[in-house]
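**Student:** Predicted structure and sequence below. I'll ask about it afterward.
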Amino acid sequence: MENHVLELQFGLNTLYLVLCGALVMWMAGGFAMLEAGLVRARNTTEILAKNIGLFSIACLMYLVCGYAIMYGGDLFLSGIGLFDHGAELAASQAAGFDGDTRYATPADFFFQVVFVATACSIISGAVAERMKLWPFLLFVVFMTALIYPVEGGWTWGGKDVLFGLFNLGDLGFSDFAGAGIVHLAGASAALAGVLLLGPRQGKYGPDGKINAIPGANLPLATLGTLILWMGWFGFNGGSVLKVADMASAHSVAMVFLNTNTAAAGGAVAAMITARLLFGKADLTMILNGALAGLVTITAEAATPSALQATLFGMAGGVLVVFSILLLDRLKIDDPVGAISVHGTCGVLGLMLVPLTNVDATWVGQIVGALTIFAWVFGISLIVWGGLKFCFGLRVDPEEERAGVDVAECGMEAYPEFVNK
């Protein structure tokens, strides 16, 4: 009887994890629509090509070596043989998914690989409208095969940092669903690329004036944000890792509730902040406010109360507005606000964790955030620099003015309108 119960739990937990993974995969569509809406019409096709390309490359490279680097195992072709255990695996690990240990199952790999792709989606928006397609895709290879798996191994993988120098878990570092591990990492890589790439033509005037460059399709950007909001239930909810017992089911419900209310709080706070600063309800700030609330609660979605989650999301919604304005003053051109949403609010989320999670420490959170940023930013700067030296990162000025769609993809997203 006990074996039947364990098998049922294993089946339910596996089903729950793969369904949550499918929700997170749908976030790739959200990023694609958000970014396509916030860039100009003549740069839409390339941003869509980047998003479908990065997702596909992430899936392959994480299968080849990324998962093994992050969690241990055969270095190359880690997906072949590692998951080929069939019924014996189900029988011996039916009581798995304990919330602390990740077993090398197909369900876990699938759930993990869509997180890797999310980190890369953050980068594509920040470097939009002026980066060449192929150097970007080459960077994704390095990001998914090495950069992300190494820092993921130091955090979720439980490995010591820098050959045993220290262990983040021993310091009290906690990141429930990846505000630092995924979002701060993606933003750090994006920041390195943006610094080497430079701003778009016409973004900053010689007199220091900051020129707004509106996106082409705000309905599409809004749809993308709502898709991301929905996908985040899988992102955070799936990080409970199991659902087939009373405690886990309650935790899942609480995570869903907190995820939703943090996003709502972030959107409302950003709306009010924009109204106070600009006298208008800036839609792009509202969208980024919702995403900021989601990133903030991602660091710890299980332990806060609904009120605390709302306040945390609101803090993210306020912070993201000021972060976007600050980066513009520093002439760091991020067309979609990705560095502020995922980087600045990722750090905020990590710093809020000890307020509700007694197992986390301020020292652990600070050291963890610095470790993730230093590794990802430093190695990314080297990789971006190498790509710039070998191939160049930026399209020609004439191609940038005309739009990168034709230059990089040979087609336009809106051929009826672009040339009229």
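**Tutor:** Happy to help now that I have it.
**Student:** So which residues of the stretch 1-150 of the chain form strands?
**Tutor:** Under the criterion DSSP state E, counting those that start in this stretch, the stretch 1-150 of the chain carries no strands.
**Student:** can you list the weak-confidence ranges in it?
**Tutor:** Applying pLDDT under 70 to the stretch 1-150 of the chain flags residues 1-2, 73-103.
**Student:** Output stretch 248-261 as CSV, restricted to C-alpha atoms.
**Tutor:** C-alpha atoms of stretch 248-261 as CSV (Å, rounded to 0.1, in the frame of the first residue of the first chain):
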residue,chain,number,x,y,z
SER,A,248,3.3,21.4,-0.2
ALA,A,249,-0.1,22.0,-1.6
HIS,A,250,-0.6,24.8,0.9
SER,A,251,2.8,26.2,0.0
VAL,A,252,2.0,26.2,-3.7
ALA,A,253,-1.3,28.1,-3.1
MET,A,254,0.5,30.6,-1.0
VAL,A,255,3.2,31.1,-3.6
PHE,A,256,0.6,31.6,-6.3
LEU,A,257,-1.2,34.2,-4.1
ASN,A,258,1.9,36.1,-3.3
THR,A,259,3.2,36.1,-6.8
ASN,A,260,-0.1,37.6,-8.1
THR,A,261,-0.4,40.2,-5.4
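**Student:** Pull out the buried positions in the helix ranked longest in the chain.
**Tutor:** Looking across the chain with DSSP state H, the single longest helix is helix 2-38. Using 16 or more other CB atoms under 10 Å as the burial criterion, the residues of helix 2-38 that qualify are 6, 9-10, 12-14, 16-18, 20-21, 23-25, 27-38. C-beta: built from backbone N, CA, C; applies to glycine.
**Student:** which helices and strands does it pack with?
**Tutor:** Contacts defined by 3 or more CB pairs under 8 Å, 6 or more residues apart in numbering; DSSP states H and E place helix 2-38 against helix 44-61, helix 86-92, helix 106-126, helix 218-237.
**Student:** which residues sit in contact with residue 49?
**Tutor:** By CB atoms under 8 Å, 6 or more residues apart in numbering, residue 49 lies in contact with 133, 408-409.
**Student:** which of these count as buried?
**Tutor:** 133, 408-409.
**Student:** Out of those, flag the one nearest to residue 114.
**Tutor:** Closest approach between those and residue 114, by CB to CB: residue 133, at 22.3 Å.
**Student:** Surely that closest one and residue 405 touch.
**Tutor:** No - judged on CB atoms under 8 Å, residue 133 makes no contact with residue 405 at a distance of 10.4 Å.
**Student:** how long is stretch 199-209 end to end?
**Tutor:** Using CA to CA, to the nearest Å, one end of stretch 199-209 lies 13 Å from the other.
**Student:** repeat for stretch 175-191
**Tutor:** Taking CA to CA, stretch 175-191 runs 21 Å from one end to the other.
**Student:** which parts of it are buried?
**Tutor:** Under the neighbour-count criterion of 16+ other CB under 10 Å, stretch 175-191 has 175-191 buried.
**Student:** Same check on stretch 301-315?
**Tutor:** 301-304, 308-315.
**Student:** Only C-alpha atoms, please: export it in PDB.
**Tutor:** Taking Å, rounded to 0.1, in the frame of the first residue of the first chain, the C-alpha atoms of stretch 301-315 are listed here in PDB:
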ATOM      1  CA  ALA A 301       7.500  33.700  -2.400                       C
ATOM      2  CA  ALA A 302       6.500  31.100   0.200                       C
ATOM      3  CA  THR A 303       7.100  32.700   3.600                       C
ATOM      4  CA  PRO A 304       5.700  36.200   3.300                       C
ATOM      5  CA  SER A 305       2.000  36.900   4.100                       C
ATOM      6  CA  ALA A 306      -0.100  38.300   1.300                       C
ATOM      7  CA  LEU A 307       0.200  41.800   2.800                       C
ATOM      8  CA  GLN A 308       4.000  41.500   3.000                       C
ATOM      9  CA  ALA A 309       4.100  40.300  -0.600                       C
ATOM     10  CA  THR A 310       2.000  43.200  -1.700                       C
ATOM     11  CA  LEU A 311       4.300  45.700   0.100                       C
ATOM     12  CA  PHE A 312       7.400  44.000  -1.400                       C
ATOM     13  CA  GLY A 313       6.000  44.200  -4.900                       C
ATOM     14  CA  MET A 314       5.100  47.900  -4.300                       C
ATOM     15  CA  ALA A 315       8.700  48.500  -3.200                       C
END
